[in-house]
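>>> Give me coordinates for this.
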Amino acid sequence: MKTLLKIQASIFGGQGQSSKLADRFVEQWLADHPGGRVVVRDLAKNPVPHLTAERFQAFSTPAEQRTPEQQAAVDYSDALIAELQAADDIVFAMPMYNFSVPSTVRAYFDHIARAGVTFRYTANGAEGLLKGKQVYVFLTRGGIYTGPHDTQVPYLKQFLGFVGLKDIQFVYADGLALGEEAREKSLAAARRAIEQLLPVRSSAA
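Residues are numbered from 1 along each chain as shown. Predicted structure coming up:
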């Protein structure tokens with residue numbers, strides 16, 4: 001049974017445009033994977049704590065030397081990583097807030113980037129360990145940011161690639177704050193792009 005992990009971060013929850021695009025894709029994914037399992041992590045509803053010195057030190061402390069508080073912090077991080085490891089496909093519903101990804105996403109990334117767990121250092125540099133997964137990212141922005149002004153995509157490619165998630169498909173909906181016509185045109189283009197992402201099986205297949 002295939003598993004899809006959907007990670008959303010809109011402060012508007014399921015009513016956010018990034019969440020709606022991701023949900024549209026999930027419907028298509030389920031049609032393509034009968035019996036598939038979808039796991040949802042809502043970073044706005046259940047935010048991950050920001051990284052502190054205490055949490056960071058817990059990650060680097062040998063298991064036999066951890067305090068109960070440190071072990072709890074590691075267990076929390078381990079649970080987030082286990083979700084990623086168990087997923088065949090991963091979806092990020094990603095709005096733009098103040099020219100970047102939501103801070104909740106950054107906090108989440110800080111908890112899943114673990115040396116020896118999701119990446120390791122080798123003689124040839126860092127090697128990501130979350131391999132063999134397909135990632136889909138649905139980006140929604142108020143202005144036009146595709147191209148040289150895009151501050152999200154380079155960061156996401158670098159971070160996700162660092163932990164081994166290199167097979168990434170991006171779907172954009174830019175200009176959502178530039179008037180109703182621009183908004184609907186961009187969302188319609190994003191919906192069309194979603195239709196091309198998966199070869200939905202016919203009922204005869």
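>>> Low-confidence bits of this protein, can you list those?
199-205 (pLDDT under 70).
>>> I'd like the distance from the longest helix anywhere in it to the chain centre, please.
In the chain, with assignment by DSSP state H, the single longest helix is helix 68-86. With CA atoms, centre = their mean, to the nearest Å as the basis, helix 68-86 stands 17 Å off its chain's centre.
>>> Following element in sequence after that helix, please.
Of the helices and strands lying after helix 68-86 in sequence (DSSP states H and E), the nearest is strand 89-95.
>>> What is that following strand packed up against?
strand 3-8, helix 17-32, strand 134-140 (3 or more CB pairs under 8 Å, 6 or more residues apart in numbering; DSSP states H and E). To be clear about C-beta, it is placed using only N, CA and C from the backbone, and glycine gets the same treatment.
>>> among the ones you listed, which is nearest residue 48?
strand 3-8 (10.5 Å; CB to CB).
>>> now what about the longest helix of the chain, what contacts it?
3, 5, 39, 41, 48-49, 54-55, 57-59, 61, 63, 66, 90, 108, 111-112, 114, 117-118, 130, 133 (CB atoms under 8 Å, 6 or more residues apart in numbering).
>>> for that helix, which positions count as buried?
By 16 or more other CB atoms under 10 Å, the buried positions in helix 68-86 come out as 70, 73, 74, 77, 78, 80, 81, 83, 84.
>>> now the angle between strand 3-8 and it, please.
Per axes from the mean of the first three to the mean of the last three CA atoms, to 10 degrees, the angle that helix 68-86 makes with strand 3-8 is 120 degrees.
>>> from memory residue 175 sits against residue 183, does it?
Yes. Assessed by CB atoms under 8 Å, residue 175 is found in contact with residue 183 at 6.8 Å.
>>> In terms of neighbours, single out the busier of the two.
residue 175 (20 against 17; other CB atoms under 10 Å).
>>> Now the more buried one: closest residue in space, sequence neighbours ignored.
Using CB to CB, 6 or more residues apart in numbering and skipping the chain neighbours, the partner closest in space to residue 175 is residue 182 (4.4 Å).
>>> Would you mind giving the helices and strands packed on strand 89-95 as a markdown table with mean neighbour count and distance to residue 150 added?
Shown next, in a markdown table, are these (neighbours: other CB atoms under 10 Å; distance: least, CB to CB, whole Å):
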| stretch | mean neighbour count | distance to residue 150 |
| --- | --- | --- |
| strand 3-8 | 22 | 20 |
| helix 17-32 | 20 | 15 |
| strand 134-140 | 23 | 9 |
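>>> Format those as JSON lines; extra columns: distance to residue 102.
Formatted as JSON lines, the helices and strands packed on strand 89-95 follow (distance: least, CB to CB, whole Å):
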{"stretch": "strand 3-8", "distance to residue 102": "10"}
{"stretch": "helix 17-32", "distance to residue 102": "10"}
{"stretch": "strand 134-140", "distance to residue 102": "11"}
